[in-house]
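Undergrad: make a model of this:
(4 chains)
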Number of protein chains: 4
Amino acid sequence: MSAAIADAGCQVIDLSGDLRLEDPATYEKWYKRKSAPVSLIKNAVYGLPEWNRELIKKAKIISNPGCYPTATLLGLAPLVQKGLIDEDSIIVDAKSGTSGAGRSPSAITHYSEMNENFKIYQINTHKHVPEIEQILHRWNKDISTITFQPHLVPMVRGIMATIYVKAIKQTNEKELRELYQTAYQNECFVRIRPEGQFPATKEVYGSNYCDIGITYDERTGRITVVSVIDNVVKGASGQAIQNFNIMNGFEEGTGLNIVPMYP
Amino acid sequence: MSAAIADAGCQVIDLSGDLRLEDPATYEKWYKRKSAPVSLIKNAVYGLPEWNRELIKKAKIISNPGCYPTATLLGLAPLVQKGLIDEDSIIVDAKSGTSGAGRSPSAITHYSEMNENFKIYQINTHKHVPEIEQILHRWNKDISTITFQPHLVPMVRGIMATIYVKAIKQTNEKELRELYQTAYQNECFVRIRPEGQFPATKEVYGSNYCDIGITYDERTGRITVVSVIDNVVKGASGQAIQNFNIMNGFEEGTGLNIVPMYP
Amino acid sequence: MSAAIADAGCQVIDLSGDLRLEDPATYEKWYKRKSAPVSLIKNAVYGLPEWNRELIKKAKIISNPGCYPTATLLGLAPLVQKGLIDEDSIIVDAKSGTSGAGRSPSAITHYSEMNENFKIYQINTHKHVPEIEQILHRWNKDISTITFQPHLVPMVRGIMATIYVKAIKQTNEKELRELYQTAYQNECFVRIRPEGQFPATKEVYGSNYCDIGITYDERTGRITVVSVIDNVVKGASGQAIQNFNIMNGFEEGTGLNIVPMYP
Amino acid sequence: MSAAIADAGCQVIDLSGDLRLEDPATYEKWYKRKSAPVSLIKNAVYGLPEWNRELIKKAKIISNPGCYPTATLLGLAPLVQKGLIDEDSIIVDAKSGTSGAGRSPSAITHYSEMNENFKIYQINTHKHVPEIEQILHRWNKDISTITFQPHLVPMVRGIMATIYVKAIKQTNEKELRELYQTAYQNECFVRIRPEGQFPATKEVYGSNYCDIGITYDERTGRITVVSVIDNVVKGASGQAIQNFNIMNGFEEGTGLNIVPMYP
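TA: Below you'll find the predicted structure:
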């Protein structure tokens, strides 16, 4: 499908997930179906604007990131790219609203089953695991696997990724915050929280923002990063629009300058 | 089905609704399917214990009331039986949690559609309308029709029926409360609220209670009755157990003496 | 406060409710506090744009309508202004999300009390009753009182007013819909639903729309109108912006052309 | 208070948390207030029945466990006591309904702030951290610190602790499940899930159960344990009743044999 459209000379922004994994074998293992042709995958640029903007500008085919990978990768990038963490220590405990499960009614998202309930699902088997690992590995060759467990929250919109990593040497909250502020200083859709503050999902509700809080625990030597997005905006169509703007030389926030809806 | 079981000499408590309406034509108009045999319907006793206990004691087949009729009829009975209201003035604005819609997933009860949402449905056409009218008419021949509109609340359990009627002569809250307290003084599952208090659905959560508040507005001459139940207990299986206890001479609250879960 | 600002030559759009009631005695009865000066109230124009646009254009002081009155009055206007209903028959069963209760934490809006709960409150005593009655009376001198009961829904945003009235002569859904479509044909923020469709609150979530459905029941001669708004937009600040635009000759939808957020 | 009651010869089950930490300095660091007298703390038995039953039988004063420690410790006990995990690898990502925050209204649990929202709070500073660490250390001297982050879910009741640990040698799900089934085979309030199944919080709603699921990821060598309780039953008063029953030689489930409410 995407191939035909691209062949016809149109720009393609693919939200399906089919063009995200470079290795067909990995795709087939996690997605349990046949991979797209390698020739097509090779031409697809991973559409995470904050870390791939130059390639997106020249791309014909964008593979739009998954919702969980968007929150997770934006939360991990500065630490991973600078090599500040134990490569074997990454754990992502992710929580999503039900809209991530799509529009088709199902037992798992039936109101009477889901309200006043909190669930874990697809333990060790979520399709976004290899997508996250592939990008982390691209950024830091020492990283090969992560632990990632997704949960379902009784709400419609929003993702929080609580990310746990081991620092390779002692650090502190101030140093870490400065690292993140510097990394994202020119980004209009990533906001780093001030000292002692951590984002809640509603603070990005309906917007294209990714809000990030970060802290360090001296007792354990562990860093905790909290990254939130609205899964149906920055985690899906909003990011697609952002990519579209970049591909076409438009101002990056065109159509996306929406204040989060609160309360 | 119920017929075969009853023929075999077993007690039947039918929760299907198929034995509730005396008139097959009325059933077919509102239910849009063929009625059960009249011979079977004739033998079924309407299982609203507070107002039909003597017949239930001797019954072989019980037609268990619908959830909305239970809340509505318990809320209206004292006024209707005493002929205190304009027979043409009854309006029931009913609100239900989603468990009333059953276990099958559907677009209307899909979590992403239902949370942070409030809906009205089956306007002027809900199957419980003729059931309520039939019993009201049995109690007071002047009553033939009511207005009843059901709504869906973003919660799982609970029904509130807000009932509006015109008093035929001036009254006051005290007089009305005494009427209700007298009518239900020997009932273990109906509780009348004191002056100025009205029940919320959570106050009967998980229990077999029907809680009722009542007031009068001098400005308009209108009485408002607020009646709440847990639709899956007093509005369904709890009432079935209550009927079973009565049919078999057991203490009426056996298996039902459960305190509402709060919070 | 508003007086001082207005005296200083500034436009005032007052959201407090203090300038809504013409009669100080009525204000003091329902609000339980001293009225604003009559001289100030007299100069305040009731800011319901759909039915008061010409006065708003020339106004210096706008009294912005309450949330419940906005939904109710837009739902009743065509019937009341044409004199099609029994003047003594108006019942409004209103439901609101918790944001209507404001930002201050309280027992009634404590999460553990409100979730999985549905409440009725301020029975026969809500301050919006005289506001609604005053405007209805302005439109139709035969109307003096209504019955209005507000409820609290376990959701944050949205109001549904389910309105019950008696038609003075037989009518039908088609005729009623045409009446409403004609009445609101030039309004950008009122949408009338097609046959057999009724709005849910989420269909106007975050927007300045008021969506209306209407039907007639031949059995009872009663009309049911369903009117929904987002209480913090069309029911508050959104309508204030709409008034501001009208007062200043701006395009009426400036800053308000927001699609409802769904899901 | 507890001291006076105990001195008077009465049994005390203390839910306050004041008698949980052995070391006054640790108490004062995490609770930010003065510790109870050491003499009193020394006499208090930690009331986690599954792992302390013999001492509870003879106790005069019980220190009832916190809600998060109950879910976490029951989830970790078999692994920790058998020394199967890297002592430095324990991460607990905990999620709770709002009833854990108590009955007092506050901005954080205001309905309009909390619904459709997911929050993290008290990062690295929750009072239950030293309580969990103290018991883990009692079970396994090599364990001194854990990482624990609590979150607030838009629901009233329920806790899920998602627990991440590194296995010291390769294992598999079957082996782990058998370990847990053996450990809890005589426990009436702990239920181990069969292969591939993990509990949701609603599956213990209103009951005294702790339900546990467990799995192993070969790719990472990490074990994930999922432990759920109803925080106001097994996490508070239900466990207190269980302790009371044990102290007095009553059948342990007396008053607690309640089926979870579903849906």
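
Undergrad: up against chain B, what does the stretch 1-150 of chain A have?
TA: Counting by Cβ under 8 Å from any Cβ of the partner chain, the stretch 1-150 of chain A comes close to chain B at A:97-99, A:101, A:103, A:105-107, A:109-112, A:114-116. (Glycine included, C-beta is placed from N, CA and C.)

Undergrad: buried residues in the lengthiest helix in chain A, which are they?
TA: Secondary structure of chain A read by DSSP state H shows that its longest helix is helix A:67-81. Residues of helix A:67-81 classed as buried by neighbour count (16 or more other Cβ atoms under 10 Å in any protein chain shown): A:67-80.

Undergrad: swap in stretch A:193-201?
TA: By neighbour count, with 16+ other Cβ under 10 Å as the criterion, the buried positions of stretch A:193-201 are A:193, A:198-201.

Undergrad: could you do stretch A:232-248 as well?
TA: Within stretch A:232-248, the residues that count as buried by 16+ other Cβ under 10 Å are A:232-236, A:238-247.

Undergrad: before we move on, what about stretch A:3-23?
TA: Here stretch A:3-23 shows A:6, A:12-15, A:17-22 as buried, counting by 16+ other Cβ under 10 Å.

Undergrad: could you give the average pLDDT over stretch A:34-43?
TA: What stretch A:34-43 shows for mean pLDDT is 95.

Undergrad: thought residue A:191 was touching residue A:209?
TA: Yes. In this structure, residue A:191 is within contact of residue A:209 by Cβ atoms under 8 Å, at 5.9 Å.

Undergrad: okay, these two: which has more neighbours?
TA: residue A:209 (25 against 16; other Cβ atoms under 10 Å in any protein chain shown).

Undergrad: which residues does that one contact?
TA: A:189-191, A:229-230, A:234, A:260 (Cβ atoms under 8 Å, 6 or more residues apart in numbering or on different chains).

Undergrad: one more time with 10 Å, if that's ok
TA: Contact analysis of residue A:209 by Cβ atoms under 10 Å, 6 or more residues apart in numbering or on different chains lists A:187-191, A:199, A:203, A:228-230, A:233-234, A:238, A:256, A:258-260.

Undergrad: touching, residue A:143 and residue A:80? I think so.
TA: Yes. Taking Cβ atoms under 10 Å as the definition, residue A:143 is a contact partner of residue A:80 at 6.6 Å.

Undergrad: what's the overlap in contacts for these two?
TA: Shared contacts of residue A:143 and residue A:80 (Cβ under 10 Å, 6+ apart): A:87, A:90, A:135-137.

Undergrad: nearest to chain C among those?
TA: residue A:135 (28.6 Å; Cβ to the nearest Cβ).

Undergrad: measure that closest one to chain D for me?
TA: 17 Å (Cβ to the nearest Cβ, to the nearest Å).

Undergrad: and for that residue, the neighbour number?
TA: A count of nearby residues for residue A:135, using other Cβ under 10 Å, gives 23.

Undergrad: what helix or strand is it on?
TA: Using DSSP states H and E, residue A:135 sits in helix A:128-139.

Undergrad: show me what counts as buried in that helix.
TA: Within helix A:128-139, the residues scored as buried using 16+ other Cβ under 10 Å are A:128-137, A:139.

Undergrad: would you mind measuring from residue A:151 to residue A:210?
TA: The spacing between residue A:151 and residue A:210, counted by Cβ to Cβ, to the nearest Å, is 19 Å.

Undergrad: again, but for residue A:31
TA: Residue A:31 is 25 Å from residue A:210, by Cβ to Cβ.

Undergrad: chain C next: which of the buried residues of helix A:67-81 are close?
TA: Applying Cβ under 10 Å from any Cβ of the partner chain, the subset of those adjacent to chain C is empty.

Undergrad: in TSV: those, plus distance to chain D and pLDDT.
TA: Output for the buried residues of helix A:67-81, formatted as TSV (distance: Cβ to the nearest Cβ, whole Å; pLDDT from 0 to 100):
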residue	distance to chain D	pLDDT
A:67	14	98
A:68	14	98
A:69	17	98
A:70	16	98
A:71	12	98
A:72	14	98
A:73	18	98
A:74	17	98
A:75	13	98
A:76	16	98
A:77	20	98
A:78	19	98
A:79	16	98
A:80	16	98
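
Undergrad: and which of these is nearest to chain B?
TA: Out of the buried residues of helix A:67-81, the member with the shortest distance to chain B (by Cβ to the nearest Cβ) is residue A:67, at 13.9 Å.

Undergrad: pull the contacting residues for that closest one.
TA: Going by Cβ under 10 Å, 6+ apart, residue A:67 touches A:94, A:96-97, A:99-100, A:128, A:150, A:159, A:161, A:229-236, A:239.

Undergrad: restricted to helices, list those.
TA: Applying DSSP H to the contacts of residue A:67, the entries found in helices are A:128, A:239.

Undergrad: looking at the contacts of residue A:67, which are in strands?
TA: A:94, A:96, A:150, A:159, A:161, A:229 (DSSP state E).

Undergrad: tell me the two of the residues you listed that are most distant?
TA: The distance between the two most remote of these (Cβ to Cβ) is 14.0 Å, for A:150 and A:229.

Undergrad: higher neighbour count, those two?
TA: residue A:229 (35 against 23).

Undergrad: so the more buried one versus chain D, what's the distance?
TA: According to Cβ to the nearest Cβ, residue A:229 and chain D sit 12 Å apart.

Undergrad: so which of the residues of the stretch 1-150 of chain A next to chain B reach chain C?
TA: A:97-99, A:103, A:115-116.

Undergrad: and residue A:1, what pLDDT?
TA: pLDDT, read off for residue A:1, is 62.

Undergrad: quick one: neighbours of residue A:170, just the number.
TA: Residue A:170 is flanked by 9 other residues according to other Cβ under 10 Å.

Undergrad: picking that back up, dump the C-alpha coordinates for the longest helix of chain A into PDB.
TA: Extracted in PDB, the C-alpha atoms of helix A:67-81 (Å, rounded to 0.1, in the frame of the first residue of the first chain):
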ATOM      1  CA  CYS A  67       3.100   5.700  21.000                       C
ATOM      2  CA  TYR A  68       5.100   3.800  23.700                       C
ATOM      3  CA  PRO A  69       8.400   4.200  21.700                       C
ATOM      4  CA  THR A  70       7.800   8.000  21.400                       C
ATOM      5  CA  ALA A  71       7.400   8.500  25.100                       C
ATOM      6  CA  THR A  72      10.200   6.100  26.000                       C
ATOM      7  CA  LEU A  73      12.800   7.200  23.400                       C
ATOM      8  CA  LEU A  74      12.400  10.900  24.200                       C
ATOM      9  CA  GLY A  75      12.700  10.000  27.900                       C
ATOM     10  CA  LEU A  76      15.900   8.000  27.400                       C
ATOM     11  CA  ALA A  77      17.700   9.700  24.500                       C
ATOM     12  CA  PRO A  78      20.000  12.100  26.500                       C
ATOM     13  CA  LEU A  79      21.200   9.400  28.900                       C
ATOM     14  CA  VAL A  80      21.700   6.800  26.200                       C
ATOM     15  CA  GLN A  81      23.400   9.000  23.700                       C
END
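
Undergrad: that helix to helix A:128-139, inter-axis angle?
TA: Relative orientation of helix A:67-81 versus helix A:128-139 (axes from the mean of the first three to the mean of the last three Cα atoms, to 10 degrees): 30 degrees.

Undergrad: can you give me the buried ones in stretch A:78-97?
TA: Buried, per 16+ other Cβ under 10 Å, within stretch A:78-97: A:78-80, A:84-85, A:87-97.

Undergrad: can you tell me which of the shared contacts of residue A:143 and residue A:80 comes closest to residue C:49?
TA: Nearest to residue C:49 among the shared contacts of residue A:143 and residue A:80, with distances taken as Cβ to Cβ, is residue A:135, at 50.8 Å.
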